[in-house]
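Visitor: Quick check, what structure comes out for this input:
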Amino acid sequence: MLDSIIPLLSDPAAWAALITLVVMEVVLGIDNLIFISILSNKLPPEHRQRTRRIGIGLALIMRLALLAAIGWIVGLTAPVFDLGLHGETFDTAFSWRDLILIAGGLFLVWKATKEIHHAVDTTPSNDMLEKDKKDVVINNVGAAIVQIILLDLVFSVDSILTAVGMTDHVPIMMVAVIIAVAVMLLASDPLADFIDKNPTVVMLALGFLLMIGMVLIADGFGVHVPKGYIYAAMAFSALVEGLNMWARAAQIRKNQAEEAAQAALNRAETAEPGV
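Guide: Numbers count the residues shown, from 1 in each chain. Next comes the predicted model:
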């Protein structure tokens, strides 16, 4: 392993491939990080950070294991069955990669829809109130980690197959994955805290997950949507929401200043008769 890495250190093409792969893995990891943040924020505060770290740590182990079995991963693109209904819109020859993407997309759409309904419907569940709190927390932590791992499997297969087209060197892919996951680990807590403190951002993030889920389903059916369009739409939406947050913060400061001025005026009018 070491003998295969040392020659790459003096190869400019290897460094260029590494930087490109790191950027790609970080960008592709945004989807996963949003999902992890929303999922972990549903847990009690004392369990959130630990759940995120466990989920991301297990995701790293899984990605490295998939890279070690790169030959098997590449084989997932071979068709396993064909419905025989070929057309210009989509292809009906499905591989294991297609089926994984479709299943992951359906899961994302279901999960995002469920979370949106939960955010809109504020009626408490009587069954949940009757359960023992400790058991509910344990079950939720375990369920959250399982969901993080299952969804990361979908993104891992897609990103690794993309990486295969950029370089043939598995050590470069492994280093890129380790760096990208380390960035995810560092960014997970600040992003989760930001989402938790801004409820409107949660709805925007759930909208992102719905869009990403539909893109995964379309990709599974052979309709490839350029990733640049997706991330450009996400960036524009985030910019608009940032402007809304800025406007709301400015309005709050204005209201506070007006209230302070009115309070000072009231105090002055109250004190005036005694002068």
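Visitor: Pull the contacting residues for the residue nearest to Ile148 when sequence neighbours are not counted.
Guide: Spatial nearest neighbour of Ile148, chain neighbours left out: Gly55 (3.5 Å); criterion: Cβ to Cβ, 6 or more residues apart in numbering. (Each C-beta comes from the backbone N, C-alpha and C, glycine too.) When contacts are counted by Cβ atoms under 8 Å, 6 or more residues apart in numbering, Gly55 touches Ile36, Ser40, Ala144, Ile145, Ile148, Ile149, Asp152.
Visitor: one more time with 10 Å, if that's ok
Guide: Residues in contact with Gly55 (Cβ atoms under 10 Å, 6 or more residues apart in numbering) are 32, 35-36, 39-40, 141, 144-149, 151-152, 188.
Visitor: Mark out where each domain of this structure begins and ends.
Guide: Annotated domains of the chain cover 2-225, 227-275 [automatic domain parsing].
Visitor: Can you tell me the element Leu216 falls in?
Guide: Per DSSP states H and E: Leu216 is located in helix 199-220.
Visitor: any idea of the mean pLDDT for the longest helix along the chain?
Guide: Secondary structure of the chain read by DSSP state H shows that its longest helix is helix 227-271. Here helix 227-271 scores 83 as its mean pLDDT.
Visitor: Same question for stretch 56-65.
Guide: Averaged over stretch 56-65, pLDDT sits at 81.
Visitor: Begin at 29 from now on, thanks
Guide: Happy to do that; since the first residue is 29 now, the last one works out to stretch 84-93.
Visitor: Now it: buried residues?
Guide: If you call a residue buried by 16 or more other Cβ atoms under 10 Å, then stretch 84-93 has these buried ones: Ile84, Ala87, Leu88, Arg91.
Visitor: ok, the first one to Ala261 distance?
Guide: In this case it means Ile84. Using Cβ to Cβ, to the nearest Å, Ile84 is found at 26 Å from Ala261.
Visitor: go on, the last one?
Guide: Counting by Cβ to Cβ, the gap from Arg91 to Ala261 is 26 Å.
Visitor: cool, the third one as well?
Guide: Applying Cβ to Cβ, one obtains 29 Å for the distance of Leu88 from Ala261.
Visitor: ok, which stretches of the stretch 29-178 of the chain are strands?
Guide: All strands of the stretch 29-178 of the chain, identified by DSSP state E, counting those that start in this stretch, fall at 107-110, 121-123.
Visitor: Out of those strands, the one nearest Phe249 is which?
Guide: Nearest of the strands of the stretch 29-178 of the chain to Phe249, taken as Cβ to Cβ: strand 121-123 at 8.4 Å.
Visitor: Quick one: distance of the closest one to the chain centre.
Guide: Relative to its chain's centre, strand 121-123 lies at 26 Å (Cα atoms, centre = their mean, to the nearest Å).
Visitor: What is that strand packed up against?
Guide: For strand 121-123, the elements it packs on are strand 107-110, helix 124-148, judged by 3 or more Cβ pairs under 10 Å, 6 or more residues apart in numbering; DSSP states H and E.
Visitor: Okay, now the sheet partners of that strand, with direction.
Guide: Within its sheet, and counting by DSSP bridges, strand 121-123 is paired with strand 107-110 (antiparallel).
Visitor: Show the average pLDDT along the strand it pairs with.
Guide: On average, strand 107-110 scores 73.
Visitor: Equivalent analysis for stretch 176-187, please.
Guide: Mean pLDDT, stretch 176-187: 76.
Visitor: repeat for stretch 198-207
Guide: Averaged across stretch 198-207, the pLDDT comes to 78.
Visitor: which non-adjacent residue is nearest His75?
Guide: Among residues not flanking His75 along the chain, Val169 sits closest, at 5.4 Å (Cβ to Cβ, 6+ apart).
Visitor: residues in contact with the one you found?
Guide: Ser68, Leu71, Pro72, His75, Arg76, Arg78, Thr79, Ile82, Gly83.
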